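>>> Could you work out the structure for the sequence below:
(4 chains)
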Protein chains: 4
Amino acid sequence: MSVPTIDLTDPRVYRHWTTDTVRFSDTDAAGHVNNVAYAAYCETGRLAYAYSILLPDREPEESFILARISIDYRRECRWPGAVRIGTAPVKLGSTSITLGSGVFKDDICVCTAEAVVVFRQAGKPAPIPERIRARLEADR
Amino acid sequence: MSVPTIDLTDPRVYRHWTTDTVRFSDTDAAGHVNNVAYAAYCETGRLAYAYSILLPDREPEESFILARISIDYRRECRWPGAVRIGTAPVKLGSTSITLGSGVFKDDICVCTAEAVVVFRQAGKPAPIPERIRARLEADR
Amino acid sequence: MSVPTIDLTDPRVYRHWTTDTVRFSDTDAAGHVNNVAYAAYCETGRLAYAYSILLPDREPEESFILARISIDYRRECRWPGAVRIGTAPVKLGSTSITLGSGVFKDDICVCTAEAVVVFRQAGKPAPIPERIRARLEADR
Amino acid sequence: MSVPTIDLTDPRVYRHWTTDTVRFSDTDAAGHVNNVAYAAYCETGRLAYAYSILLPDREPEESFILARISIDYRRECRWPGAVRIGTAPVKLGSTSITLGSGVFKDDICVCTAEAVVVFRQAGKPAPIPERIRARLEADR
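Residues are numbered from 1 along each chain as shown, chains lettered A, B, ... in the order given. Modelled structure (predicted):
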């Protein structure tokens, strides 16, 4: 799979969406949502994607673990309300997948993220199985 | 206002509902949602109630602060999914209101809570204004 | 064990202490530490107590689960710094123990809590073993 | 300031250290500390650095905001205990500074991070003042 550079701030690049609630405890003394909560929102989107597209048929020894995440903070986010999180594959390696995310509040992109998740078989990095690759291709 | 003892595990006692997303980061190493996250769910319900019923017309110097909360943990709660939180007034004092909450996952009551919130005027406890009392009475 | 009513705001009632770091992400848009973080501080103290006094010699099937907590918010708590958490038994039942906690920032009691933890054997409430009762008596 | 590529997993590259407590509520159902908590640990280190080196003499209109963070998850981290967080400048731009962090548990590097913080004057990006540049140079 080779994906041309995509603009993660553009909601049209996402086919998979989920929502998360902005909690008052997500805010900090600066008055808006703390950067740590953005990481939780991204995880909500990433795991929904992982469970529906990557491993809906997960074998006991199979898992994906998060190896790296980069988050670009684009706009402040305020309580109350909800965020919508779009998730899309942006790169497919031999043992890892890079997932892109966009978090939107009131249709404004408040952050984007790229997360590298590594496939594991019995606790060790392993080549991504063909069935998962096929699903990713079909999902594009 | 005098409210007969109400069963906070019964969803029929609540007229006000909101939802919160169960996050993977809400779980702990015991495998289910950590007790601290239940407190966040209760706050989501309590603040939604406060902003719609208690202080929709908040004056700058007015606020409610949380003085006390008690939470009864009734059932374990598992990721993923969402919780529905019902909130209802259970006691009205001169400067404080006790709000009851029920948190439900898949229609099962996972916890109930009672929170005492104290009305403040310019940073000091003050009698609850008549307009708020009237709204609470009308809301029963 | 019968413990006379104790003043949980008095640091002298605690023999067991631990610390927690006040994080910026613990604060909320009201400018101080959010009430949910107080619950996390209390848990830090409670678990340190549980692992050192209640179940240092835990058998695989034994556990304590939290059944109820009540927290009295006494003072606001501000970032940065650390809190010291004192934990002491306040009541011993047949299958449950009530643990009292005091959270102190800069020697000021910011909250107190009472938590009811229930002893479990193989997932069901069970009488607290004699060896745990003996340790609680010895610890008074 | 030009800093040669530094190995953020090497504790010797850090002159500034702070600690954070690993909370049980930081763990998740996978049994170890959730990735979101690593972001909180990095923030603890970054803000301690910001308040001691970057803006100990902060003017009311001055601030740094987080524009981007990338975190490399290197090892799992388990409760209980504490983490030590080292923070060091790795790049100095005209309006931004990249801060490197290493989080260590029991002397093992569990993650490293690079955070880009942007200097702001009255809410807008502005050149980093000479006094801050001088402190960064002196701190190397």
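>>> Please identify which helix or strand holds the residue nearest the centre of chain A.
The centroid of chain A falls nearest to A:Arg46 when counting by Cα atoms, centre = their mean (3.2 Å). Assigned by DSSP states H and E, A:Arg46 belongs to helix A:35-49.
>>> what about that helix and chain C, any contact?
Yes - judged by Cβ under 8 Å from any Cβ of the partner chain, helix A:35-49 comes into contact with chain C through A:Val36, A:Ala37. The way it works is simple: take the backbone N, C-alpha and C, and place the C-beta from them, glycine included.
>>> Tell me where chain A has helices.
In chain A, helices defined by DSSP state H lie at A:35-49, A:130-139, listed in chain order.
>>> quick one, which of those helices is nearest to chain B?
Closest to chain B of the helices of chain A is helix A:35-49 (Cβ to the nearest Cβ; 5.1 Å).
>>> how far does the closest one sit from the chain's center?
Taking Cα atoms, centre = their mean, to the nearest Å, the mean C-alpha location of helix A:35-49 is offset from the chain mean by 7 Å.
>>> got the CA coordinates for that helix in CSV?
Backbone C-alpha positions of helix A:35-49 (Å, rounded to 0.1, in the frame of the first residue of the first chain) are rendered in CSV as follows:
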residue,chain,number,x,y,z
ASN,A,35,-2.7,18.3,25.8
VAL,A,36,-2.7,14.9,27.6
ALA,A,37,-6.5,14.6,26.9
TYR,A,38,-5.8,15.0,23.2
ALA,A,39,-3.7,11.8,23.4
ALA,A,40,-6.7,10.0,24.9
TYR,A,41,-9.0,11.2,22.2
CYS,A,42,-6.6,9.9,19.5
GLU,A,43,-6.5,6.6,21.3
THR,A,44,-10.3,6.3,21.3
GLY,A,45,-10.2,6.7,17.5
ARG,A,46,-7.2,4.4,17.0
LEU,A,47,-8.6,1.6,19.0
ALA,A,48,-12.0,1.7,17.4
TYR,A,49,-10.2,1.4,14.1
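>>> Not counting its neighbours along the chain, what's nearest the spatially most distant residue from the centre of chain A?
For chain A, the largest distance from the centre (Cα atoms, centre = their mean) belongs to A:Ala29, which lies 26.9 Å off. Once flanking residues are discounted, A:Ala29 sits nearest to C:Thr27: 4.0 Å by Cβ to Cβ, 6 or more residues apart in numbering or on different chains.
>>> Please list all residues in contact with the residue nearest to the centre of chain A.
Taking Cβ atoms under 8 Å, 6 or more residues apart in numbering or on different chains, we find A:Arg46 in contact with A:Leu66, A:Thr87, A:Leu99, A:Ser101, A:Ala115, A:Val117.
>>> Any figure for the gap between the first one and D:Val36?
Here the distance between A:Leu66 and D:Val36 works out to 10 Å (Cβ to Cβ, to the nearest Å).
>>> Looking at these two, which has the bigger crowd around it?
Shown here are A:Leu66 and D:Val36; by other Cβ atoms under 10 Å in any protein chain shown, D:Val36 has more neighbours (23 against 19).
>>> just to revisit the earlier point, with the contacts of A:Arg46 in mind, which one is nearest to chain D?
The closest of those, once distances to chain D are taken by Cβ to the nearest Cβ, is A:Leu66, at 5.2 Å.
>>> show me what contacts the nearest residue to the closest one once chain neighbours are set aside?
In this structure, A:Leu66 finds its nearest non-sequential neighbour in D:Asn35, 5.2 Å apart by Cβ to Cβ, 6+ apart. Each residue near D:Asn35 by Cβ under 8 Å, 6+ apart is listed here: A:Ala39, A:Glu43, A:Leu66, A:Ile69, D:Ile71, D:Tyr73.
>>> which ones are touching the fourth one?
Residues in contact with A:Ile69 (Cβ under 8 Å, 6+ apart) are A:Ala39, A:Cys42, A:Ala113, A:Glu114, A:Ala115, A:Val116, D:Asn35, D:Ser70, D:Ile71, D:Tyr73.
>>> I'd like the average pLDDT over the helix holding A:Arg46.
Helix A:35-49 shows an average pLDDT of 98 in the prediction.
>>> Give me the residues contacting the helix or strand bottoming out on mean pLDDT in chain A.
The helix or strand of chain A with the poorest confidence is helix A:130-139; it has a mean of 90 (mean pLDDT, DSSP states H and E). Residues from elsewhere that reach helix A:130-139, judged by Cβ under 8 Å, 6+ apart: A:Met1, A:Arg15, A:Ile53, A:Leu54, A:Leu55, A:Asp57, A:Pro89, A:Leu92, A:Ile97, A:Phe119.
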